[in-house]
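1. sequence unknown, structure follows:
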């Protein structure tokens, strides 16, 4: 998205965009082919995702970000806030990806579905009596949930039918096939994958793509995601939509889930902390706090992206500053300048942080540059 922001007004097939995307692909170590080819570039291949999430304008022929997309690209909206917004704002029919004829059919049926909210609600209902049942497979989503959502069945009714389907007590052979194409199967699963990638669901490793189980993360409060939505990121009320979600509990819940997942994956964290606290002479880089109990070691390049436990890849931060750094609410440029998200900048406490800090010479500038680009 930051590459797109640097090339607004340019055709998606421009070689300069492909060249930058190859760098992104290399530096993030993703297996996804981001650059592709000029004929089959990333917008042509997955433009509906970028437009369907409100990040790009529906404008063929050139790249144009929405104001929402620019705020995400510039870090004023954090990844947790973005995920929360998409959970609550994703709607079918989608005003930016469905044709006027398709939208008219949905309206004629008086039908509107918020799929990510619906999935979370159904899984929560499935697990009310037994946590082991708190999951959904793509097969269940396609064969049971989607057809019943199309006739406006309630979440409770759908969950009950899922139980019957699992017990082989529900015959769906006469039901309409709502996902007739092979690509439809992949698109249905994308909803589950999105929730898993942002830490709301946990994907089991066993089974085929259709039968893999997506479990609801423990302690996740689904009610925080199921709130009335008055504004939309797809019209002039986009700023209000962001504000509504930002003042709900969902963004902070998502950030806690992601932070907890990352912490549980780390090994040697105690040794890393001791090394970093010593390197910084027991002082927080941003606040100069020296109380040891509230000091933590923050990886600049995350371990999940190949970051090391060396002192050249760490900041010593007060615990609350560390949380804001990990969530993207506080970003540090290689020059030492601080960038605050909109919510952090509006805080009476964090707005008093210095505009610029001196980054110690032992910190690898390349690590700080990587962090600014990708986190």
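-> Nice, I can see it. Just so you know, these numbers come straight off a predicted model, no measurement behind them.

2. quick one: the strands in the protein, in order.
-> 135-136, 201-203, 214-216, 295-299, 314-318, 330-332, 338-340 (DSSP state E).

3. wait, which of these is closest to residue 96?
-> Ranking the strands of the chain by proximity to residue 96 (Cβ to Cβ) places strand 201-203 first, at 25.1 Å. For every residue, glycine as well, the C-beta is placed using N, CA and C.

4. if you compare the strands of the chain, which one is most tucked away?
-> strand 314-318 (a mean of 25; mean count of other Cβ atoms under 10 Å).

5. sheet-wise, list the partners of that strand with their directions.
-> Sheet pairing of strand 314-318 (DSSP bridges) gives strand 295-299 (antiparallel).

6. let me see the mean pLDDT of stretch 250-269.
-> For stretch 250-269, mean pLDDT is 66.

7. one more: stretch 175-184?
-> In the prediction, stretch 175-184 has an average pLDDT of 91.

8. show me the contact partners of that stretch.
-> For stretch 175-184, the external contacting residues (Cβ atoms under 8 Å, 6 or more residues apart in numbering) are 142, 143, 146, 147, 150, 185, 187, 188.

9. out of those residues, the closest to residue 133 would be?
-> residue 143 (17.2 Å).

10. thought residue 173 was touching that closest one, still the case?
-> No - if you go by Cβ atoms under 8 Å, residue 143 and residue 173 don't touch, sitting 9.9 Å apart.

11. out of those two, which sits in the more crowded spot?
-> The residue with more neighbours, out of residue 143 and residue 173, is residue 143; 22 against 5, by other Cβ atoms under 10 Å.

12. give me every residue that touches the more buried one.
-> 165, 172, 175.

13. could you provide those residues in CSV, with additional columns for neighbour count?
-> Formatted as CSV, the contacts of residue 143 follow (neighbours: other Cβ atoms under 10 Å):
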residue, neighbour count
165, 18
172, 15
175, 15
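
14. ok, so of these, who is nearest residue 217?
-> Among these, and counting by Cβ to Cβ, the member closest to residue 217 is residue 165, at 23.3 Å.

15. kindly check the end-to-end length of stretch 289-300 for me.
-> 19 Å (Cα to Cα, to the nearest Å).

16. so what touches that stretch?
-> The contact list for stretch 289-300, computed with Cβ under 8 Å, 6+ apart, reads 269, 272-273, 275-277, 282-284, 307, 309, 313-319, 322, 325-326, 363-364, 367-368, 370-371.
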